[in-house]
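K.L.:
Make a model of this:
(4 chains)
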Amino acid sequence: MSHSAITDNYLYVIMVLLPLAALMLVIQTSPYQALVIRGILGAVAALIYAVLGGADVALTEALVGTMLAITLYAVAVRSSLVMRLGVLSGEEVRSNLHWRPLLNYLRALLNRYHLRLELVTYDDVQTLHQALQTKDVHGTCLVCRPAEAVQLPDDDRPAQHSNPSTVPVDTLESPYLITLRVPRLYEIFTTELPPVMAQVKALGDDGLDDLRTGDRQPALADASTLTEDD
Amino acid sequence: MINILSYVCIVIGLVFWFWGTWPLLGSRSVLFKLHSLSVADTLGSMAIVVGLLLRIPHEWPLLVLGLISLAIWNTVLGYVLAYCSTQEDS
Amino acid sequence: MTAVLMAMIAALLIPMVEAFQDEDIWQRMLAFASIATKTSVMILVVSVLRDDWMIGMVGVLILSVGNAALMLLAHIIRRLSEVMEEY
Amino acid sequence: MAGYLNLLLRLAIWFLLTADLSWANILIGVTVAILLPRGVSNPGTLKDWLRTLGEVVVAIPQAYAEAFEIMLRPHRYEVVTVDRAKPRRSPSLIFLDIFLITFTPKTIVQRYREQGWYEVHRIQRRPTQ
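P.N.:
As a prediction, this is how the structure comes out:
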């Protein structure tokens, strides 16, 4: 370009902005914050391309790089960074004050990993367990009251048990039982969720199988050792 | 004469920019910052574009379109940001 | 005119610093909105400085469509914080 | 009547964008403006439209006046008021009303309620009594 002597002065200063914005983007940990910074980076990049004379590149950066990319990423992040927890509709999780401490704690816990908590309600234990098996939810949360025990479905071994097996829960223990099928979530929950808030089990664990066979005491012991040594 | 007038417009716009953008660094509420940003980004930018319009009158259709879209988009964006950043609590 | 552009770059640095230091997502959105407007006005200034019609066209187009992503993002973030505090 | 305003807006954008008044361009612009789908809306009366558009023109110097006012005399206090919207407004007129209120730097519409109320956030020099 013929006016390089004039343009050089401000051009250098503008150029510095791009690595600055890129650095800001790279050090973000939260995906939503990163999306906002990505928008800033796109605006600065469009400015630089336009100043350097690439009008078409600048337009593409603004329309595709910023607008479309942010839109797509926002949709992707919003639909993927979520933990779906299956609960029973009969327990009225949303309106019952009893649930609030646990839910708040879970939200705060998941928030640290930039996850959202989404509650999915099911009509009975059977469908709830089905949803966990078919990977509709990432985990289930059940209430095991000391007086009335929760019934676990035993669809895979119907011949062995005529009546459904039950899980009795110690009164000192937490009344909530969270079953998870994602190993990473199980890891997070066992290390950061105190056992007084809820008991955590992984799906397909030995503990759960023991529960199914009806060996109650070893099952509980297994579960507690699981929560402790992980 | 026109040249001086255009510089006056651009300088007014720059003053608006700095005055309105500076409160961003403070710790006021989002809505308060939005008020000063509407001074900076809508009115200041419009003043700058008018200054450019006086300098290069033959590009007037483009710059008038820029002026209109500045006014409309920034105002609507202010409304959308105000609406989204306040939770519904009635 | 170069001095004007330098002043504009200085003004552009303010929201960048704000976006860097503030953790609140709405304050960052404000900074983003400010940067988006400022950069497109700067593109317009450069186009007038060089008397380049094509760059000016790009500046106006960015000005008129660039904010759409911002509005969408604002709505998504609002929905997100609603879900977080719903119950 | 407001349909013509809609058409006029499209043609204005087209001619500002292309800056070309040759016959071919006028023909293309008019064709595109007519062919683009138009939302079904109940247009307000022409009188309302003209008055609101006049208010938009008045609002620009008023906005600059308010900008200088809050620059010279700092307004530190924020307050949220609820204002009544004018009765029987079509959606596009409501949009113009919101635009007018938000355009001036002292006031921003926070929320529009269905019953015809605006929540307006404004800044003041003194705290409210």
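K.L.:
And C:Pro15, how far from B:Leu43?
P.N.:
17 Å (C-beta to C-beta, to the nearest Å). For the C-beta atoms, the positions are set from N, CA and C on the backbone; glycine is no exception.
K.L.:
Same check on A:Ala62?
P.N.:
23 Å.
K.L.:
For chain C, which helix extends over the most residues?
P.N.:
helix C:25-50 (DSSP state H).
K.L.:
That one close to chain B?
P.N.:
Yes. Applying C-beta under 8 Å from any C-beta of the partner chain, one finds helix C:25-50 touching chain B at C:26-27, C:29-31, C:33-34, C:37-38, C:41, C:44-45, C:48.
K.L.:
and that helix, which residues are buried?
P.N.:
C:25-50 (16 or more other C-beta atoms under 10 Å in any protein chain shown).
K.L.:
For the most centrally placed residue in chain C, give me its contacts.
P.N.:
For chain C, C:Ala36 is the residue whose C-alpha lies nearest the centre (C-alpha atoms, centre = their mean; 1.6 Å). Contact partners of C:Ala36, counting by C-beta atoms under 8 Å, 6 or more residues apart in numbering or on different chains, are A:39, A:43, C:66-67, C:70.
K.L.:
again with A:Val75
P.N.:
Going by C-beta under 8 Å, 6+ apart, the list of residues near A:Val75 reads C:Ile76.
K.L.:
switch the cut-off to 10 Å
P.N.:
Listed by C-beta atoms under 10 Å, 6 or more residues apart in numbering or on different chains, the contact set of A:Val75 reads C:72, C:76.
K.L.:
again, but for the one 4 residues further on
P.N.:
The contact partners of A:Ser79, taken as C-beta under 10 Å, 6+ apart, number zero.
K.L.:
Checking D:Val82 next. Helix, strand or coil?
P.N.:
strand (DSSP: H, G, I helix; E, B strand; the rest coil).
K.L.:
buried residues in the worst-scoring helix or strand of chain C on mean pLDDT?
P.N.:
Within chain C, no helix or strand scores below helix C:67-84, which has a mean of 80 by mean pLDDT, DSSP states H and E. Neighbour counts over helix C:67-84 (16+ other C-beta under 10 Å) mark C:67-74, C:76-78, C:80 as buried.
K.L.:
Is any residue of it near chain D?
P.N.:
No. For helix C:67-84, no contact with chain D is found by C-beta under 10 Å from any C-beta of the partner chain; the gap never falls below 11.9 Å.
K.L.:
tell me which of the residues of helix C:25-50 next to chain B is nearest to D:Gly29?
P.N.:
The nearest member of these to D:Gly29, counting by C-beta to C-beta, is C:Leu44 at 23.9 Å.
K.L.:
what's the spacing between that closest one and chain A?
P.N.:
10 Å (C-beta to the nearest C-beta, to the nearest Å).
K.L.:
Check the spacing between that residue and A:Leu52 real quick.
P.N.:
Applying C-beta to C-beta, the value for C:Leu44 to A:Leu52 is 16 Å.
K.L.:
does any part of the helix or strand hosting D:Val109 sit near chain B?
P.N.:
Assigned by DSSP states H and E, D:Val109 falls within strand D:107-113. Yes. Judged by C-beta under 10 Å from any C-beta, strand D:107-113 comes into contact with chain B at D:107-113.
K.L.:
Pull the number of nearby residues for C:Ile65.
P.N.:
Not quite, residue C:65 is Val, not Ile. 16 (other C-beta atoms under 10 Å in any protein chain shown).
K.L.:
swap in A:Gln133?
P.N.:
Neighbour tally, A:Gln133, other C-beta under 10 Å: 15.
K.L.:
do you know how far it is from A:Arg181?
P.N.:
Separation of A:Gln133 from A:Arg181 (C-beta to C-beta): 8 Å.
K.L.:
And the helices in chain D?
P.N.:
Under DSSP H, chain D gives helices at D:2-18, D:23-35, D:46-72, D:91-103.
K.L.:
thinking A:Ile14 is in contact with C:Met42, fair?
P.N.:
Yes. A:Ile14 is in contact with C:Met42 according to C-beta atoms under 10 Å; the separation is 8.2 Å.
K.L.:
Kindly point out which residues are neighbours of both of those two.
P.N.:
With C-beta under 10 Å, 6+ apart as the test, A:Ile14 and C:Met42 both reach A:47, A:51, C:5, C:8-9, C:12.
K.L.:
which one of these has the most neighbours?
P.N.:
Counting by other C-beta under 10 Å, A:Leu47 has the largest number of neighbours within the shared contacts of A:Ile14 and C:Met42, with 29 neighbours.
K.L.:
mind checking the SS state of that residue?
P.N.:
Going by three-state DSSP: A:Leu47 is helix.
K.L.:
Against C:Ile62, how distant is the closest residue to it other than its chain neighbours?
P.N.:
In space, not counting the residues next to it along the chain, A:Leu47 is nearest to C:Thr39; the distance is 4.1 Å by C-beta to C-beta, 6 or more residues apart in numbering or on different chains. According to C-beta to C-beta, C:Thr39 stands 8 Å off from C:Ile62.
K.L.:
about what we covered before: how big is the angle separating the longest helix of chain C from helix C:67-84?
P.N.:
Put simply, helix C:25-50 runs at 180 degrees to helix C:67-84, going by axes from the mean of the first three to the mean of the last three C-alpha atoms, to 10 degrees.
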